[in-house]
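In: coords below, sequence missing:
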């Protein structure tokens, strides 16, 4: 299961955290804990135990999953321009 399929209703919030609009652990601590547990259970992240480092690791991994894996389909687009032209 991928991040985007498991948390599809929360993608807007996750993208906002990745873009630095807010800190996910502050804005939505429950979602933060769920995402962290997801990555731990899937064995995708080994956390260090340092809260700041772990947050950065989590955000970086989410960014990778949301941006790069989402657009792995060469026919996929996120562009508003492409959507209407």
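Out: That came through, no problem. Note that the structure is a prediction, hence the values are computed from the model and not measured. Residues are numbered from 1 along each chain as shown.
In: Show the model's pLDDT score for residue 81.
Out: At residue 81, the model reports a pLDDT of 41.
In: wait, residue 50
Out: For residue 50, pLDDT reads 96.
In: Regarding it, what are the backbone dihedral angles?
Out: Here is the backbone geometry of residue 50 (degrees, to the nearest 10): phi -90, psi 120.
In: what about the closest residue to residue 23 other than its chain neighbours, how many neighbours?
Out: Excluding the flanking residues, the one nearest residue 23 by CB to CB, 6 or more residues apart in numbering is residue 17, at 7.0 Å. For glycine as for every other residue, the C-beta is placed from the backbone atoms N, C-alpha and C. By the criterion of other CB atoms under 10 Å, residue 17 has 25 neighbours.
In: Over to residue 17. Which of the three states is it?
Out: helix (DSSP: H, G, I helix; E, B strand; the rest coil).
In: now residue 22
Out: coil.
In: tell me the contacts of it?
Out: Applying CB atoms under 8 Å, 6 or more residues apart in numbering to residue 22 gives the contacts residue 16.
In: Let me see the ranges of the strands in this protein.
Out: Shown for the chain, no strands are assigned by DSSP state E.
In: Give me the nearest residue to the spatially most central residue of it, chain neighbours excluded.
Out: When the chain is reduced to its mean C-alpha position, the nearest residue by CA atoms, centre = their mean turns out to be residue 62, at 3.0 Å. Using CB to CB, 6+ apart and skipping the chain neighbours, the partner closest in space to residue 62 is residue 18 (5.4 Å).
In: So residue 37 versus residue 58, what's the distance?
Out: Distance check for residue 37 against residue 58: by CB to CB, to the nearest Å, it reads 11 Å.
In: Isn't the residue nearest to residue 23 up against residue 29?
Out: No. Residue 17 is beyond contact range of residue 29, at 11.8 Å (criterion: CB atoms under 8 Å).
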